[in-house]
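*Asks:* Sequence unavailable; structure follows:
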């Protein structure tokens with residue numbers, strides 16, 4: 001028996017669940033993070049109001065990150081982080 005027998009085939013195609021999370025996080029990054037990024041980068045402070053907004057929508061929560069961590073394809077966390085950091089790397093790290 002080889003080590004790949006019984007394993008699911010590798011694919012980077014997003015499941016519908018991951019694609020939905022990607023759209024949701026992208027919209028948050030587009031609508032909330034990007035418009036405020038320059039101001040918070042200049043202030044060099046923790047962006048607490050943005051973190052609170054992320055918490056209100058469920059993005060800043062252990063439940064969200066646990067669900068993405070245990071997402072079966074393994075793409076939940078990388079896709080979520082990619083979209084957050086697209087908004088702004090510093091604010092994305094503050095949320096993470």
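*Replies:* Nice, thanks for sending it over. It should be emphasised that the depicted structure is a prediction, and the values quoted were computed from it without experimental measurement. Numbers count the residues shown, from 1 in each chain.

*Asks:* how about the helices in the protein?
*Replies:* Counting by DSSP state H, the chain has helices at residues 16-28, 34-43, 48-56, 62-69, 76-87, 89-95.

*Asks:* Now for the residue most central in space within the chain: which residues touch it?
*Replies:* Closest residue to the average C-alpha location of the chain: residue 80 at 2.2 Å, with CA atoms, centre = their mean. When contacts are counted by CB atoms under 8 Å, 6 or more residues apart in numbering, residue 80 touches 21-22, 25, 64-65, 68. (Glycine included, C-beta is placed from N, CA and C.)

*Asks:* re the thing from before, what would the helices of the chain look like in CSV with mean pLDDT and distance to residue 9?
*Replies:* Below are the helices of the chain laid out as CSV (pLDDT from 0 to 100; distance: least, CB to CB, whole Å):
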stretch, mean pLDDT, distance to residue 9
helix 16-28, 96, 16
helix 34-43, 96, 36
helix 48-56, 97, 34
helix 62-69, 95, 21
helix 76-87, 96, 18
helix 89-95, 96, 31
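
*Asks:* Let me have the ones you listed in a markdown table, extended by distance to residue 10.
*Replies:* Supplementary listing: the helices of the chain in a markdown table, determined by distance: least, CB to CB, whole Å:
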| stretch | distance to residue 10 |
| --- | --- |
| helix 16-28 | 15 |
| helix 34-43 | 32 |
| helix 48-56 | 31 |
| helix 62-69 | 19 |
| helix 76-87 | 14 |
| helix 89-95 | 27 |
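
*Asks:* Could you say which of the contacts of residue 80 is surrounded by the most neighbours?
*Replies:* residue 25 (26 neighbours; other CB atoms under 10 Å).
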